[in-house]
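Enquirer: need coordinates for the below:
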Amino acid sequence: MTLTGSGSAYDPPADATARRAGAPGPARTRVHGPERRLDRRVALVTGASSGIGAATARRFAMDGWQLLLSGRDRYRLERTAAGTSAVVLPADLAAPDGPRLLARSALHTTGRVDVLVAGAGIRWTGPFAAMPHTDIDRVLTLDLNATLHLVREVLPTMIAAGRGRVVLLGAVAGAGQEAVHSAAKAGLAAFAGALREELRGTGVGVTYVVPGPVDTESRTHRSGPLTPGHVAATIFDAVRRHRDEAHLAPPPEGRARALKPGLYRRLRDRRG
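Expert: Numbering: from 1, shown residues only. This next block holds a predicted model:
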């Protein structure tokens, strides 16, 4: 039974705990590589310390985007940012004021966010009947609540500008031993669809990306056939093409999931 992160773990480091005892303030920033240019498109990527978030940041950097990278681990964020003009914005999104402080720091740094890739998350692996109540709250806090709050903080500036895109990361539904993580991702799927309808005509889009099993640090119980780079490429392509949804699952699993859910579950269980 494990609680693992996807670019951002839940339990705050000692220095974050100490800071929380005082008055909250915006995250400290550090610029890497070439001088940042505010005439470029701006992407805020959360969970950028590792895994899908880090790979997504590098893919956007390849296309010349100005990056704002957030996660809890400053050292790993700086490794992601190395060689780019990315601005590092460490943040604990699970903290009550974490999403607001991150949004404030991001908008103070660049004045706008053209694309938000909400990649931060954690997952608890094990039977639900044995899951501590505190871990239920932790997973829902970061995987669902914090994402909604961050979108709420960034969205008004996108609407005012008449452009922008929110990218939400989902997961293949019904994964065994990950009931709460699956519930949180199902909530994001419903949120993405409803928000997309609400934003029609504003110039702001919502993209929901659903990867199949991915080989990342957070999947300690099993590996997947997809790499973070595969998912990052799909995210970038979906943003470039203004796509509402992108499903990334290896055949025949991807087709079975969409057309025959019962067959999909049998294939998934057989593979383990």
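
Enquirer: surely residue 112 and residue 160 touch.
Expert: No - counting by Cβ atoms under 8 Å, no contact exists between residue 112 and residue 160, whose distance comes to 9.3 Å. Glycine gets a C-beta too; all of them are placed from N, C-alpha and C.

Enquirer: of these two, who's got more company?
Expert: residue 112 (19 against 12; other Cβ atoms under 10 Å).

Enquirer: low-confidence ranges, the stretch 101-250 of the chain, go.
Expert: 173-175, 216-224, 249-250 (pLDDT under 70).

Enquirer: if we use 50, what do you get?
Expert: Segments of the stretch 101-250 of the chain classed as low confidence (criterion: pLDDT under 50) are 219-222.

Enquirer: so where do the strands sit in it?
Expert: For the stretch 101-250 of the chain, the strands defined by DSSP state E, counting those that start in this stretch cover 115-118, 121-125, 164-169, 204-211, 245-248.

Enquirer: so the helix ranked longest in the chain versus strand 121-125, what angle?
Expert: Longest among the helix segments of the chain by residue count, using DSSP state H, is helix 179-199. Relative orientation of helix 179-199 versus strand 121-125 (axes from the mean of the first three to the mean of the last three Cα atoms, to 10 degrees): 150 degrees.

Enquirer: can I get helix 179-199 in PDB? Just the C-alpha atoms.
Expert: The C-alpha atoms that make up helix 179-199 are tabulated as PDB, following Å, rounded to 0.1, in the frame of the first residue of the first chain:
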ATOM      1  CA  ALA A 179     -10.200   3.400  -6.500                       C
ATOM      2  CA  VAL A 180      -9.900   6.900  -5.100                       C
ATOM      3  CA  HIS A 181      -7.500   8.000  -7.800                       C
ATOM      4  CA  SER A 182     -10.000   6.700 -10.400                       C
ATOM      5  CA  ALA A 183     -12.800   8.600  -8.700                       C
ATOM      6  CA  ALA A 184     -10.800  11.800  -8.700                       C
ATOM      7  CA  LYS A 185     -10.000  11.400 -12.400                       C
ATOM      8  CA  ALA A 186     -13.700  10.600 -13.200                       C
ATOM      9  CA  GLY A 187     -14.500  13.900 -11.500                       C
ATOM     10  CA  LEU A 188     -12.000  15.700 -13.700                       C
ATOM     11  CA  ALA A 189     -13.600  14.200 -16.800                       C
ATOM     12  CA  ALA A 190     -17.000  15.500 -15.800                       C
ATOM     13  CA  PHE A 191     -15.500  18.900 -14.900                       C
ATOM     14  CA  ALA A 192     -13.800  19.100 -18.300                       C
ATOM     15  CA  GLY A 193     -16.900  18.400 -20.200                       C
ATOM     16  CA  ALA A 194     -19.100  20.800 -18.300                       C
ATOM     17  CA  LEU A 195     -16.500  23.600 -18.300                       C
ATOM     18  CA  ARG A 196     -15.900  23.200 -22.000                       C
ATOM     19  CA  GLU A 197     -19.600  23.800 -22.700                       C
ATOM     20  CA  GLU A 198     -19.600  26.800 -20.400                       C
ATOM     21  CA  LEU A 199     -16.700  28.400 -22.100                       C
END
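
Enquirer: great, nothing more from me.
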